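>>> Sequence and predicted structure are below.
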Amino acid sequence: MDNSQNIIARSATTTTPPQVRGHVDEVAKLIDVSKCIGCKACQVACMEWNDLRDDVGECHGTYDNPTDLTSESWTVMRFSEYETQEGNLEWLIRKDGCMHCAEPGCLTACPAPGAIVQYANGIVDFDSNHCIGCGYCITGCPFDIPRISPKDQKSYKCTLCSDRVNAGVEPACVKTCPTNCIEFGTKKDMLARAEKRVGDLKELGFRDAGIYDPAGVGGTHVMYVLHHANDPNRYSGLPKDPRISPLVGAWKGATKPIMSAIIGITAFAGVIHYMTKGPKEEPEEHAGHGQDDTPPPHSLGYDATRPRGEDR
Amino acid sequence: MKMPRDRLIRYSPLDRANHWTMAMVFVLLALSGLAFFHPAFFFLSHTLGGPVWARILHPFLGVVLVLLFYAMAARHVRRNLLGENDVQWVRQIGDVLDNRDEKLPPIGKYNPGQKLVYWALVVSIAVLLISGVIMWRPWFAGYFPIPLIRFASLLHAVSAFVAIVTIVVHVYAAIWVKGSIRSMTRGWVTRAWARHHHGLWAREQEEAQHREQQP
């Protein structure tokens, strides 16, 4: 968490977060999948800058290494071998990691105040110091990105090097990429650059080339240039129309105030009912048994007019 | 201890111990669960020693509640099936709420309102158990697909809502109907109470006592 004064969204918070230093441009990372050579330099740079050292895994017969994101591998190259209808083989390599959605599902689902924040520049950051380890961010994320560490039960993901960006430098993966496949700048600039690249790809014959900046999550601050933007799924399951699941929307949306209110109203109705209708009591069965001012037997738990333990 | 003549036993010591253990566990579960449900209730996570401890303990407490609840529920199924005069009692719900008890038909050990509480909890606690296991990190959630976890999360919230509203009604009914709380703390009710609120049960108990005294 590197800037506590330009937060535009804060998890589990119903008031306005501190955002006076909000006069900043939205940033974006642009990943041109058509230029990626799968060297994994970005993975190494990510480890190095963020001081992460994941366990050495095993080879699963693919180039994917590690085979999945983990709490200590915030970005991985995903390799897929796609056979086209014409019988050509396409080797599609996608750098996977947090997309930094404008409408982040993780932040929507998170129950811990301030554990997930969104800065004015669009970066979605985990303040793991406030994380409680419930995993709701995993439930909320449309891209299956956050991972809980088995060591500390806290959730982790790519920060878009928020610490570096805050100091005015590009993320570590961008700095290290040898083919300039990963670029970084304002979202506006990156969109312009992406459009130019899409035009070039179309000229090269990729008719379906396009930008991946999915509107279902309000756009993202990590974008792809895809040669087959009509079918993002072929890039190791990149979702075509990602959005916060309606189940998560219902769970963390309308049900919260409605169900909370009904619980309160039920308790309040009880108070009003008692005050207007009074308690439900049985009539005295032994009318005239004692003096008029004798308390009814049940109010004391025993009949005060008789010695205890004595049979009538 | 011999029970004085004007009293009837309603809840055994085991029932009472179980009930109040469950009551404490339920309150802790509801408070910690609400903390994860709505930011307005987040401070309630401190009832279990802070938000992280609440996340750790809540599911284990849930398992304790499930064990205690179904151990009790199984023993009381028969008393909670639809009984004589139940339908008529429900038709006269207006008289029930207005305390016009003299107009009501005699009812068994539990009235239809109590039976509704019983069945609402039987169902909602089962759903809470199943959905809760699916959401339970770090132990079980990893074995389930994320779309299923989403569905379980919503179900867990809705069934917890049903359970909490049910318990609010249950607690209010206990405060409303004088003598109920004593029956669950001390175990007995007066004969007058039993005849008035649960006429069929009172008759059944009294007949049983007569048979014991005159073999």
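Alright, I've got the coordinates.
>>> per-residue pLDDT, A:V174?
We note a pLDDT of 98 for A:V174 in this prediction.
>>> any idea what it is structurally, helix, strand or coil?
Secondary structure for A:V174, judged by DSSP: H, G, I helix; E, B strand; the rest coil, is helix.
>>> would you list every one of the strands in the chain?
Chain wasn't specified; assuming chain A. Read by DSSP state E, chain A holds these strands, from start to end of the chain: A:7-10, A:27-32, A:76-83, A:89-96, A:116-119, A:124-126, A:147-148, A:155-156, A:182-186, A:210-212, A:222-226.
>>> my question was about chain B
Assigned strands in chain B, in chain order: B:7-9, B:188-190 (criterion: DSSP E).
>>> quick one, what contacts B:M22?
When contacts are counted by Cβ atoms under 8 Å, 6 or more residues apart in numbering or on different chains, B:M22 is found next to B:65, B:68-69, B:72. Using the backbone N, CA and C atoms, a C-beta is placed for each residue, glycine as well.
>>> Could you do B:F37 as well?
For B:F37, the set of contacting residues under the criterion of Cβ under 8 Å, 6+ apart consists of A:111, A:256, A:259-260, B:157, B:160.
>>> Let me know the closest of those residues to B:V133.
Top of the list for closeness to B:V133, among the contacts of B:F37 and by Cβ to Cβ, is B:A160 at 14.3 Å.
>>> And B:I146, how far from chain A?
Going from B:I146 to chain A by Cβ to the nearest Cβ, to the nearest Å gives 6 Å.
>>> Among the contacts of B:M22, which are located in helices?
B:65, B:68-69, B:72 (DSSP state H).
>>> Considering these, which possesses the most neighbours?
B:L65 (22 neighbours; other Cβ atoms under 10 Å in any protein chain shown).
>>> So what's the residue count around the residue nearest to it when sequence neighbours are not counted?
Distance criterion Cβ to Cβ, 6 or more residues apart in numbering or on different chains; nearest residue to B:L65, sequence neighbours excluded, is B:V25 at 4.8 Å. Around B:V25 there are 19 other residues, counting by other Cβ under 10 Å.
>>> for the chain, longest helix please?
Assuming you mean chain A. helix A:255-277.
>>> not what I meant, chain B
For chain B, the helix that runs over the most residues, judged by DSSP H, is helix B:146-176.
>>> same for that one, what does it pack against?
Counting contacts by 3 or more Cβ pairs under 8 Å, 6 or more residues apart in numbering or on different chains; DSSP states H and E, helix B:146-176 is packed against helix A:136-140, helix A:246-251, helix A:255-277, helix B:13-37, helix B:112-135, helix B:180-185.
>>> count of neighbours near A:K154?
With neighbours defined by other Cβ under 10 Å, the count for A:K154 comes to 18.
>>> Quick check: phi and psi at it.
phi -110, psi 150 (degrees, to the nearest 10).
>>> Make sure it is actually in contact with A:C131.
Yes - applying Cβ atoms under 8 Å as the test, A:K154 and A:C131 come out as touching, 4.3 Å apart.
>>> if we can go back for a sec, highest neighbour count among the contacts of B:F37?
Top of the contacts of B:F37 by neighbour number is B:A160, holding 25 neighbours under the definition other Cβ under 10 Å.
>>> which residues touch that one?
Counted by Cβ under 8 Å, 6+ apart, B:A160 has contacts B:30, B:33, B:37, B:124, B:128.
>>> Can you tell me which of the residues you listed lies closest to A:E103?
Nearest to A:E103 among the contacts of B:A160 is B:F37, at 20.9 Å by Cβ to Cβ.
>>> Any idea how many residues pack against the closest residue to B:G132 other than its chain neighbours?
Closest residue in space to B:G132, ignoring its immediate chain neighbours: B:G62 at 5.4 Å, by Cβ to Cβ, 6+ apart. As a burial measure, B:G62 scores 24 neighbours (other Cβ under 10 Å).
>>> Distance-wise, check the closest residue in space to B:R150 that isn't next to it in sequence relative to B:R79.
Beyond its immediate neighbours in the sequence, the residue positioned closest to B:R150 (Cβ to Cβ, 6+ apart) is A:L247, lying 4.1 Å away. When Cβ to Cβ, to the nearest Å is applied, the distance between A:L247 and B:R79 equals 38 Å.
>>> Specify which residue of the two has the higher count of neighbours.
Comparing A:L247 with B:R79 by other Cβ under 10 Å, the one with more neighbours is A:L247, at 19 against 14.
>>> So that one versus B:A73, what's the distance?
Distance check for A:L247 against B:A73: by Cβ to Cβ, it reads 29 Å.
>>> before we move on, back to that, any idea which of the contacts of B:A160 is closest to chain A?
Closest approach to chain A among the contacts of B:A160 (Cβ to the nearest Cβ): B:F37, at 6.6 Å.
>>> Is the lowest-mean-pLDDT helix or strand in chain B positioned near chain A?
The least trusted helix or strand in chain B, going by mean pLDDT, DSSP states H and E, turns out to be helix B:199-213, with a mean of 91. No - with Cβ under 8 Å from any Cβ of the partner chain as the criterion, chain A is not reached by helix B:199-213; the gap is at least 10.6 Å.
>>> What residues of that helix count as buried?
Judged by neighbour count using 16 or more other Cβ atoms under 10 Å in any protein chain shown, the buried positions of helix B:199-213 are B:199-202, B:205.
>>> Okay, now the unreliable bits of chain A?
Within chain A, the set of residues satisfying pLDDT under 70 comprises A:1-2, A:285-312.
>>> Can you pull up the most central residue in chain A?
The central residue of chain A, meaning the one whose C-alpha is nearest the mean C-alpha position (Cα atoms, centre = their mean), is A:C106 at 1.0 Å.
>>> residues contacting it?
With Cβ under 8 Å, 6+ apart as the criterion, the residues that contact A:C106 are A:116, A:124, A:136-138, A:140-141, A:145-146, A:157.
>>> hang on, the residue nearest to B:R150 packs against B:A152?
No - judged on Cβ under 8 Å, A:L247 makes no contact with B:A152 at a distance of 9.3 Å.
>>> Distance across stretch A:25-36, terminal residue to terminal residue?
The separation between the terminal residues of stretch A:25-36, taken as Cα to Cα, to the nearest Å, is 27 Å.
>>> how deep is the closest residue to B:Y172 other than its chain neighbours tucked in, by neighbour count?
Nearest non-adjacent residue to B:Y172, counting by Cβ to Cβ, 6+ apart: A:G270, 3.6 Å away. Counted with other Cβ under 10 Å, the neighbours of A:G270 add up to 17.
>>> Could you do B:L44 as well?
Close neighbours of B:L44, defined as other Cβ under 10 Å, add up to 20.
>>> try the one 5 residues further on
Here the neighbour count serves as a burial measure; for B:G49 (other Cβ under 10 Å) it reads 12.
>>> Next, the contact list for it, please.
B:L57.
>>> Spit out the contact partners of the residue nearest to B:Y70 when sequence neighbours are not counted.
Sequence neighbours aside, B:I125 is the residue nearest to B:Y70 in space, at 7.7 Å (criterion: Cβ to Cβ, 6+ apart). The neighbourhood of B:I125, defined by Cβ under 8 Å, 6+ apart, consists of B:65-66, B:69-70, B:159, B:163.
>>> biggest separation within the ones in helices among the contacts of B:M22, which pair?
Based on Cβ to Cβ, the longest span within these runs between B:L65 and B:M72 and measures 10.7 Å.
>>> what does the stretch 1-150 of chain A have sitting close to chain B?
Looking at chain B, the residues of the stretch 1-150 of chain A close enough under Cβ under 8 Å from any Cβ are A:12-14, A:109, A:111-113, A:132-136, A:138-139, A:144, A:148, A:150.
>>> same thing but 10 Å
Contacts of the stretch 1-150 of chain A with chain B, taken as Cβ under 10 Å from any Cβ of the partner chain, map to A:10-15, A:105, A:109-113, A:115, A:130-136, A:138-142, A:144, A:148-150.
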